[in-house]
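In: what's the 3D shape of this:
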Amino acid sequence: MRVERAARFPLRFAPQSCGKGRVTKANTMSFTCAIVTPSDAILDTPASYASFEAWDGQQGVASGASAFLTKLGTGVVTVQTDGGASRVFVLDGGFAQMDGSRLTLLTEKAMEASGIDITAAERELADANAKVLGSGDRATTLDERAAIERAQRLARAKIMAAQAARK
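Out: Take a look at the predicted model:
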């Protein structure tokens, strides 16, 4: 019975290899990764892998990923292009949608890591931290606290992305 079942349901999606289990470049798959803001299309390139900060934690996407729609958090996005190069960006919220073989990251603000001034980002983080310490003598509203935390996350993401781009 077991042999019959295996014959009726063969593995169709096993990776194709060339000798001793090596996957060749010809049979690697990719998807298109796009980063879009209201004013510009920042990136639209074939990619082999992308990772980004979703609202509930880090998420990674490879070719063949199931369709999804999720809310983006504030954080670093790394896109591994087909050529093997990595491009690093900072996104400030938005939405991520995987549809077929296209990942679209729609965000209000996107910055490429190579264009981030690390000194300015460290200053932004110090300013946000000072707001937290300065508000100790008065009660902050939930909206004020959320804005301060968002500024801290964005500044930390800029610092991380700028450091990653320099390596």
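In: with adjacent residues omitted, what lies nearest to the residue nearest the centre of the chain?
Out: The residue lying closest to the centre of the chain (Cα atoms, centre = their mean) is F52, at 1.9 Å. Nearest non-adjacent residue to F52, counting by Cβ to Cβ, 6 or more residues apart in numbering: V77, 4.4 Å away. No exception for glycine: its C-beta is placed from N, CA and C like everyone else's.
In: what's the strand or helix carrying the one you found packed up against?
Out: Secondary structure from DSSP states H and E places V77 in strand 68-81. When contacts are defined as 3 or more Cβ pairs under 8 Å, 6 or more residues apart in numbering; DSSP states H and E, strand 68-81 packs onto strand 41-54, strand 86-99, helix 142-166.
In: what is the subsequent helix or strand relative to the helix or strand of the chain with the lowest mean pLDDT?
Out: Least confident helix or strand of the chain, by mean pLDDT, DSSP states H and E, is helix 2-8 with a mean of 44. Next along the chain after helix 2-8, taking DSSP H and E as the criterion, comes strand 31-36.
In: list the contacts of that next one.
Out: 41-47, 50, 61-63, 65, 77, 79, 89, 91, 98, 101-107, 110 (Cβ atoms under 8 Å, 6 or more residues apart in numbering).
In: gap between K71 and A161?
Out: 20 Å (Cβ to Cβ, to the nearest Å).
In: and L154, by the same measure?
Out: Distance, L154 to A161, using Cβ to Cβ: 11 Å.
In: residues shared between the contacts of the two?
Out: What both L154 and A161 touch, as defined by Cβ under 8 Å, 6+ apart, is the set V90.
In: S30: neighbour count?
Out: By the criterion of other Cβ atoms under 10 Å, S30 has 16 neighbours.
In: and the closest residue to R156 other than its chain neighbours, what element?
Out: Once flanking residues are discounted, R156 sits nearest to L125: 6.3 Å by Cβ to Cβ, 6+ apart. Using DSSP H and E, L125 falls within helix 118-134.
In: isn't the residue nearest to R156 up against Q152?
Out: Yes - at 6.5 Å, L125 counts as touching Q152 under the criterion of Cβ atoms under 8 Å.
In: ok, back up a step: neighbour count for L154 and A161, which is higher?
Out: Neighbours were counted for L154 and for A161 using other Cβ under 10 Å; A161 has more, 26 against 22.
In: quick check: phi and psi at the closest residue to that one other than its chain neighbours.
Out: Leaving aside its chain neighbours, A161 sits nearest to A113 (3.8 Å; criterion: Cβ to Cβ, 6+ apart). With angles defined as degrees, to the nearest 10, A113 sits at phi -60, psi -30.
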